[in-house]
Structure formats: structure tokens, C-alpha cells
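Asks: Give me a 3D structure for the following:
(2 chains)
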Amino acid sequence: MNPIAELVLEVEHATADFLSSHYGIKSPEVSLERSDNFIHGDMSTSVSMKYAKEAEESPYNLAQLIANHLNFQQLTHIKKIEVIEPGFINFFFTTSFFVKVLENIINLEADYGKNISLMNQKWIVEHTSPNPNKAMHLGHLRNNLVGMSLVRMLSWNGAVVVSDAVYNDRGIAIAKLMWGFLSHMKKNSDTPNDVAYWVSNPDKWYTPKEKNILPDIFVTQCYLLGESDFKSDENVEAIVRNFVVQWENNNKDVWELWSHVLSYAYEGMERTLLRLDNHWDKIWHEHEHYKEGKKYVQEGLKKGIFTKLEDGAVLTNLSIYDIPDTILLKKDGTSLYITQDIALVALKKKRYKADKLVWVIGPEQSLAMRQLFAVCEQLKIGKIDDFDHVSYGYVGLKDDDGGFKKMSSREGTVVLIDDLINVVKEKIKIKFTSKNNGELTEDIDELSEKLALAAIKFSILKSDRKQDLVFDTEQSIETTGDSGIYVLYTYVRAQSILRKKIKQINSPLDGQHELGLEADLVKLLAYFPEVIKTAKKDMSTHHVAQYLLELCSAFNAWYGKEIVLDGSEKESYKLTITESVGITIKNGLSILGIETVEKI
RNA sequence: GUCCCCGUAGCUUAAUGGAUAAAGUAGAGCUCUUCUAAGGCUUUGAUGCAGGUUCGAUUCCUGCCGGGGACACCA
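Replies: Below is the predicted model:
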């Protein structure tokens, strides 16, 4: 266990014991928190104000009594306990504690910050399930970044995490895409819009390469054209609906066309996701399990959990969950989204024996998710408390009058992930050339890509996932100030010092000295493991990002005041701090999915 | 109509019910012969409105205003 967790636990236990043994308070909740200001100690608790009434003491007196008790216990790393009106108990830690923290960081390196609070738990996190009919935009980006960082954060808390996604690869949307391709990507307009003809003459249709566009853009074009035809032309609508029917009847030609257009979609998506360093342990394909859902609905009917309406549709009553009832099967007996989702939840539970199932999905699915969870509980597939919808706010654009505005494909205001990365990358390149007097280094492209991704990922992950984000490409992706670049720059600065060191880093400090100018920085380093726990509690990694900004700011302030490589006897100690900062930044960034660089 | 989410400096964002509401950016002013100035330092500036619970509310509850979203056989 890391030093801070050990200390916090010790104090919390001692306090809780005191409250229960002296005042008979049953399992009191004691939480030691970071003080708002170091004047108020290194950590503090407001527990006496919480339990003053129950203990029949004034908050201040109770705080005094607790403090006396804790002083009597002679806790290892507590230097001083202070009681402040109206009843705060502030704890000041010894220097030897912070020395221990630094040693711990150097020893653990890439593991510093991890804990085992979720040990023996298996989590499944579904995120970034893209519909393979359009190029991915900022909404998908946020989904991916939130999802991936959540996966890493949970495993830092000791859980075994399975990261998964589902490809909704069948149905009317894909059929529209097929039509769009068949009718609009012909090299010659005389070529018939016929599936069988396409199968034997695929060369008469364009490939993305021949059109000189990326496959996901190609797919988007096909889909939009297909959808537009579908809406305006009844004949097309009939053909598209017939694609779905024939596909379900395993028509060989239709399946070939289906798999052909999907291959373009996947190629495009995977290229973008590779850029983001996305990873899934398992990808589910809707076409493989969509039929299974009906069985569960039939089972529920048989058991009398669901009811069949007069027209044949199946309904479930969710009034005990206090949410609107929902239809599980259409009157014609065909399945709905939720029908297949039931099957998928069951599959996941069965295959992974997961304790917790999490869905990182947009807020508009909120009700649908709650309904799905409730139905799964009704069917005894799992308990509703084991399911969690991790929602996230919209990523929108700035309106003309400064307001929030959703992206709209109709208005052509959708910002694609790749386009965004490219824009930021160019911005960074320009900054580089002006910084280096117009000279370009060889690996400038690779470095700009890394920095652009750092800037974008950080800017999205630094705010609470539930907050709507307004996106202004000019302003939102900062390369100065509270940004990913700032954090990377700080890391590079620390590494640069370490590269220039002559002395070896040895035992840092005897623990007898008082902390000097480095106090704020060293104290911050100690909190990192607590931040990982806070992130778990809120299921949001923005705490990590916010912490990194604070840490970097403290390091840079210290850097401005003190010279590390000054040849003094404290040099080794200062190098230890510098190295610890580097390790902590790197670890924090790795949770956010941001790669560090050695030079900028 | 019902339900859900959101509302904090000009702008983009922080703050398990706690102490003086914290940063960045934009504006004003310093700061590179010193380990990377994409940095540091100083300064101006905010909790939508009205109640309630509480020793204490940006946070919880009620109502209102404003923005977004969802509401049975679409995906």
C-alpha cells in the first residue's frame, strides 16, 4: 500500500474507533480529505461537525477530543494535529513521511498510484460502438476518450477490465448505405443498379482509392446519398427495405454487397481509431446475436413477466422501476434495438462472468439504458445495480450568438476526428517552425502528431464527462495554458534536467529537515494515489487531468525559484523530486491515453 | 404533458455539503548572459432567479427562468 493510503486508513480507523467506542456511533463514516490550503494542514476532516449532534458535544469540543485521542495514539507520520473553529481537524505530516513518498515513487515507478480496491472484480466497459455508415465525429471522439480512460482508470484501481464494442452491422441503415453505393458509385451511369450485376462486374464501380477519398468519407457519401434517395423516392425505399429482407433470407449476392460496403466502413473507422490508440478486447457483431433476443422475450412471456398486446407486440411493465413501459417485440414479431441488447447483455454476462457492466453511451440513450437494465433484471440476467450507464455531455459548436449548438450533418457542421487532429497538428507545426527559426527537425511530423493528440485528448478529458463541451477549434484546443501540451512540456523540462545530471540519485533526505520551497510540490506528489480513487468514485478521469495541471504548475513554480543542478548537497534530493514529478506525470498521462515525449 | 441532464469571471473549464469559489484564456504590467520562455510573477473579473433543509449550500430539496435531450412497436 502506498504511504498516503496507509496513513489515511490509520487515521480514519483510529477516529472511527474513538467515535464508536466513546459515543456509541455505529460505523461512523470518517473521511480524511485534502485540505483546501496547506495552511489548513496536509489533510483534514470535518467528521466532528457531522457527528457533533449524535455525540451530544459541540463540534469544536468533539474535534478537540478526537485530536487528543489521536495525539495519544502517536500515529507514525503525524507531526501535528490542529483544531480550528467551527470544528475542523487538520493534520500536518512529518517530513519523513514525504521522504517516504518520494522513495515510494522512485521504487514503484510505472506502478505509482495503483491500488487494489477493485481487486477480484471483473468489469466490462462498452464504449465507442460506431455505426459503420458514417465517418466518426467529435461525439465518437469523446465517447472513445472517456471510455478508454475509464478502462485504464479502473484497472489502476485493481479491476480486471474487458473493453468491448458492438458493431451495429445490419438493418435499414446499412441497407441505405448499400443502395447509395450501388446507385451512386458507378463509373458509368448506364450500369444498372443491380446487385447480381455488381457481383459479376465489381470493376464497374468505384473504390475509395479510385475516387481519391478516404474509405470512411466514401462510406459517408454513399450513406447520405442512399438516405436522401430513400426519403424522396418510394421505389428506392422499397428496394432498400427489400435488401433487409433478402439479407435476412441469406441471399448470397446481397450478403456479398453487404460485406463489401462494410469492409470500406471498417477500414476507415479502424484507421481513425488506430490514430487514437483505441483498443477493444472484444467486438460484438449485431448480425451474430440479433436473433437470440427473441428467445429471451419468449421466455419472459412464458413466465408471465411480459404481456402480449392485442396486435401481437410484447410489452413489459416497468412501473416498479418508475420508468415508462416499453415494447420488446414488434407486432410483426421482429426485434427492436432493445431485443438484441438483451441478448448481448446475457452473452456478456455468460462469457465473462462480469461483476459490473458499464456502457459509455451518450445521454440521449439514458431512458433506453434504464429500460434495458430493468428488463435484464426482470429476466434475471443480472441485477440492476451491476449495470451502469456512464453518460457524457454533448460536444457542440459555438453558435453565432455564443450559445451551444449541436453538430448537424444536415447543416454540414459535423467536425470529423481526423480533420480535427490534422488541423491541430498543422497549428503545432507552425508553432514549431517559428520557434526554431524556420528550421524543421526530421521527426517533426511524428512529434506534431503526438502533440496534437495530447492537446485534443487532454482538452476533452480535463472537464467532467457530464459537462457539455463547446468546441471552438481556435480556442478549445490550447497549446498554451491548461493544456496537454503544457503538461508534456513540463515533463520534457523535467527529463531535460535529468539528462544533464552528473551525480547519481541516492537516498534523498534524512527526514529531519523541514520542507523548503519544494513543499507544495512534494505534498502534491503524495496525493496522486488518492486522485485515482476519486476518479473511480466519480467514474470520471477528469480528476486525473486536473491533478496533473496542478502538479505541473507546482513544478514550474518551483523550477522558477530554485535551480536543481546547483552542485550543492541538496542536488540529489532535488533530482529525486524531479524524477518523481516525471514519473507521476507519465503515469497520470498514461491513464488519459497520452504518450509522453522526451523532447519538444 | 411527463421524465432526465445542464446553467460558475467576457470566453473555456475546476471545486466527496466545508474554511478566502480555483485555473486557463482574453485585457493591463513585469520576467530569458542561468537546468527547454509552449514557462514564471503581479493585476482586473463569476455561482440564472426565489424560497427551503443545515452550524455551514456552487453542491441537497421545491418552484420559476433559460439551454439541450428522451418518452412503446425507428435505429
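Asks: tell me the SS of A:Val470?
Replies: strand (DSSP: H, G, I helix; E, B strand; the rest coil).
Asks: Show me where the stretch 251-400 of chain A has its strands.
Replies: Taking DSSP state E, counting those that start in this stretch to define them, one finds strands in the stretch 251-400 of chain A at A:282-285, A:306-308, A:314-316, A:326-329, A:356-360, A:387-390, A:395-398.
Asks: Can you point out the helix or strand that includes the residue nearest the centre of chain A?
Replies: Taking CA atoms, centre = their mean, the centroid of chain A lies closest to A:Val146, which sits 2.1 Å from it. Assigned by DSSP states H and E, A:Val146 falls within helix A:138-156.
Asks: Heading C-terminal from that helix, find the next helix or strand.
Replies: strand A:160-167.
Asks: Give me the sheet partners of that next one and which way each runs.
Replies: In the sheet containing strand A:160-167, the strands it pairs with under DSSP bridges are strand A:122-126 (parallel), strand A:282-285 (parallel).
Asks: right, and the residue nearest to the centre of chain A touches A:Val390 too?
Replies: Yes. Using CB atoms under 8 Å, A:Val146 makes contact with A:Val390 at a distance of 7.1 Å. The C-beta positions use only the backbone N, C-alpha and C, and glycine is treated the same way.
Asks: number of nearby residues for A:Asn249?
Replies: 9 (other CB atoms under 10 Å).
Asks: meant to ask about A:Val8
Replies: 22.
Asks: right, and it touches A:Leu32 too?
Replies: Yes. Using CB under 8 Å, A:Val8 is in contact with A:Leu32, at 4.8 Å.
Asks: buried stuff in stretch A:202-219?
Replies: Buried residues in stretch A:202-219, counted by 16 or more other CB atoms under 10 Å: A:Trp205, A:Tyr206, A:Pro208, A:Ile213, A:Leu214, A:Pro215, A:Asp216, A:Ile217, A:Phe218, A:Val219.
Asks: hang on, the earlier thing: for RNA strand B, find the nearest of the strands of the stretch 251-400 of chain A.
Replies: Across the strands of the stretch 251-400 of chain A, RNA strand B has its closest neighbour in strand A:326-329 (3.0 Å, CB to the nearest atom of the strand).
Asks: and the closest one, anywhere near RNA strand B?
Replies: Yes. Interface with RNA strand B: strand A:326-329 contributes A:Thr326, A:Ile327 (CB under 7 Å from any atom of the strand).
Asks: and that strand, how far out from the chain's middle?
Replies: Distance, stretch centre to chain centre, for strand A:326-329: 31 Å (CA atoms, centre = their mean, to the nearest Å).
Asks: Check which helices and strands that strand sits against.
Replies: With contacts taken as 3 or more CB pairs under 8 Å, 6 or more residues apart in numbering; DSSP states H and E, strand A:326-329 sits against helix A:292-302, strand A:314-316, helix A:337-352, helix A:366-378.
Asks: Dump the longest one to CSV, restricted to CA.
Replies: Put plainly, it is helix A:337-352. Coordinates of each C-alpha in helix A:337-352 appear next as CSV, following Å, rounded to 0.1, in the frame of the first residue of the first chain:
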residue,chain,number,x,y,z
TYR,A,337,-32.9,-2.5,-30.5
ILE,A,338,-33.6,-3.5,-27.0
THR,A,339,-34.4,-7.0,-28.1
GLN,A,340,-30.9,-7.6,-29.3
ASP,A,341,-29.4,-5.7,-26.4
ILE,A,342,-31.0,-8.1,-24.0
ALA,A,343,-29.2,-10.9,-25.9
LEU,A,344,-25.9,-9.1,-25.8
VAL,A,345,-26.1,-8.4,-22.1
ALA,A,346,-26.8,-12.1,-21.5
LEU,A,347,-23.9,-13.0,-23.7
LYS,A,348,-21.5,-10.7,-21.9
LYS,A,349,-22.6,-12.0,-18.5
LYS,A,350,-22.2,-15.6,-19.6
ARG,A,351,-18.9,-15.2,-21.4
TYR,A,352,-17.0,-13.0,-18.9
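Asks: Next, the buried residues of it.
Replies: A:338-349, A:352.
Asks: is RNA strand B contacted by that helix?
Replies: Yes. Remark: helix A:337-352 sits within contact range of RNA strand B at A:Tyr337, by CB under 7 Å from any atom of the strand.
Asks: who's in contact with that helix?
Replies: A:122, A:124, A:162, A:164, A:166, A:284, A:286, A:289-297, A:326, A:328-329, A:354, A:357, A:368, A:371-372, A:375-376, A:379, A:381-382, A:387 (CB atoms under 8 Å, 6 or more residues apart in numbering).
Asks: pLDDT below threshold where in the stretch 251-400 of chain A?
Replies: Low-confidence segments of the stretch 251-400 of chain A, defined by pLDDT under 70, span residues A:399-400.
Asks: before we move on, back to that, now for A:Val8 and A:Leu32: what residues contact both?
Replies: A:Met43.
Asks: So which bits of the stretch 301-450 of chain A are right by RNA strand B?
Replies: A:309, A:311, A:313, A:315, A:324-327, A:330-331, A:334, A:336-337, A:363-368, A:393-394, A:398, A:402-404, A:406, A:428, A:431-432, A:435.
Asks: Name the residue most distant from the centre of chain A?
Replies: A:Asp190 (49.2 Å).
Asks: where exactly do the helices run in the stretch 101-250 of chain A?
Replies: Under the criterion DSSP state H, counting those that start in this stretch, the stretch 101-250 of chain A contains helices at A:138-156, A:172-184, A:195-200, A:208-211, A:215-232, A:234-248.
Asks: got the buried residues for the last one?
Replies: Of the residues in helix A:234-248, those scored as buried under the neighbour-count criterion (16+ other CB under 10 Å) are A:Val236, A:Glu237, A:Ile239, A:Val240, A:Phe243, A:Val244, A:Gln246, A:Trp247.
Asks: quick revisit: wait, which of the buried residues of helix A:337-352 is closest to A:Met153?
Replies: A:Tyr352 (19.0 Å; CB to CB).
Asks: could you measure the closest one against A:Ile124, distance?
Replies: 6 Å (CB to CB, to the nearest Å).
Asks: Identify the residue spatially nearest to A:Ser163, adjacent ones excluded.
Replies: Nearest residue to A:Ser163, sequence neighbours excluded (CB to CB, 6 or more residues apart in numbering): A:Val151, at 4.6 Å.
Asks: From what I see, that neighbour and A:Ala159 are in contact.
Replies: No. With contact defined as CB under 8 Å, A:Val151 does not reach A:Ala159; the gap is 9.4 Å.
Asks: Name the residue in the two with the higher neighbour count.
Replies: Comparing A:Val151 with A:Ala159 by other CB under 10 Å, the one with more neighbours is A:Val151, at 26 against 22.
Asks: just to revisit the earlier point, so which of the strands of the stretch 251-400 of chain A is the most surrounded?
Replies: The highest mean neighbour count among the strands of the stretch 251-400 of chain A, using mean count of other CB atoms under 10 Å, belongs to strand A:356-360: a mean of 23.
Asks: That strand: how far from the chain's middle?
Replies: The answer for strand A:356-360 is 12 Å, by CA atoms, centre = their mean.
Asks: mind listing what it pairs with, with the direction of each?
Replies: Partners of strand A:356-360 in the sheet, by DSSP bridges, are strand A:122-126 (parallel), strand A:387-390 (parallel).
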